[in-house]
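Peer 1: Build the 3D model from these lines:
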Amino acid sequence: MRHRSSTGHAKDLLSVASSRMILGLGPPVMTLTAIAAAITGYNEAVLTHALPLWMPLMQVSSLPFSLTAPALALLLVFRTTASYGRFDEGRKAWGLIVNRTRDITRQALTWTRSPDDYAHKVQCSLRHAVAFCYCLKDHVAREEDLNQG
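Peer 2: This is a model prediction of the structure:
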């Protein structure tokens, strides 16, 4: 329920400022943005006659601005690829866990021989297999209380 709630988006948005990517790319991007905004503001002031007419319009090469775009695009691609890689590894690990849990359950069913101990032993082993999944979820999610699962 915690991962499906809409309040999780607010937490993610608040954590953007502490992101390593933002902290690493923030200063150069903000510097270029500030320079572009200052030049745009200056040119607008000259064109609207807020500054004296003898002041020239500033023209800046677009090269610094166009050089940052491929770097940001590559960074985004690498981050997306790394994120998908982590997701895929998690998906494979969960699939392996599901298959091994099914194997253990199948072995528990073949382990019991007589019908009188079938119910107790099988039910006990099946409860442990289910409990393993909940314990693993709580361990991965770092939740404190296993009784809440």
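Peer 1: residue ranges with poor pLDDT in the protein?
Peer 2: For the chain, the stretches with pLDDT under 70 are 1-5, 65, 113-118, 143-149.
Peer 1: Tell me which stretches of this protein form strands.
Peer 2: Using DSSP state E, the chain contains no strands.
Peer 1: can you list the domain ranges for it.
Peer 2: Domain assignment of the chain by automatic domain parsing yields the ranges 1-60, 69-149.
Peer 1: My read is that residue 121 contacts residue 108, right?
Peer 2: Yes. With contact defined as Cβ atoms under 8 Å, residue 121 counts as touching residue 108 (7.3 Å). C-beta coordinates here come from the backbone N, C-alpha and C atoms, glycine included.
Peer 1: any idea where the helices of the chain begin and end?
Peer 2: Along the chain, counting by DSSP state H, helices occupy 7-14, 20-47, 63-111, 115-141.
Peer 1: Could you dump those into CSV and include mean neighbour count and distance to residue 56?
Peer 2: What follows is the helices of the chain, written out as CSV (neighbours: other Cβ atoms under 10 Å; distance: least, Cβ to Cβ, whole Å):
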stretch, mean neighbour count, distance to residue 56
helix 7-14, 9, 42
helix 20-47, 12, 8
helix 63-111, 11, 20
helix 115-141, 12, 61
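Peer 1: What distance do you get for residue 44 to residue 141?
Peer 2: 52 Å (Cβ to Cβ, to the nearest Å).
Peer 1: again but with residue 94, I slipped
Peer 2: 13 Å.
Peer 1: again with residue 24
Peer 2: Distance, residue 24 to residue 141, by Cβ to Cβ: 28 Å.
Peer 1: Also residue 109?
Peer 2: 30 Å.
Peer 1: and if you look at residue 59?
Peer 2: Distance from residue 59 to residue 141, by Cβ to Cβ: 55 Å.
Peer 1: Residue 85 too?
Peer 2: For residue 85 relative to residue 141 (Cβ to Cβ), the value is 21 Å.
Peer 1: what does residue 16 give?
Peer 2: Remark: distance between residue 16 and residue 141 (Cβ to Cβ) = 22 Å.
Peer 1: With residue 45 instead?
Peer 2: 55 Å.
Peer 1: Also residue 26?
Peer 2: From residue 26 across to residue 141, the span is 30 Å (Cβ to Cβ).
Peer 1: Contacts only, for the most centrally placed residue in the chain.
Peer 2: Note on the chain: the residue nearest the mean C-alpha position is residue 83, at 6.7 Å, using Cα atoms, centre = their mean. Applying Cβ atoms under 8 Å, 6 or more residues apart in numbering to residue 83 gives no contacts.
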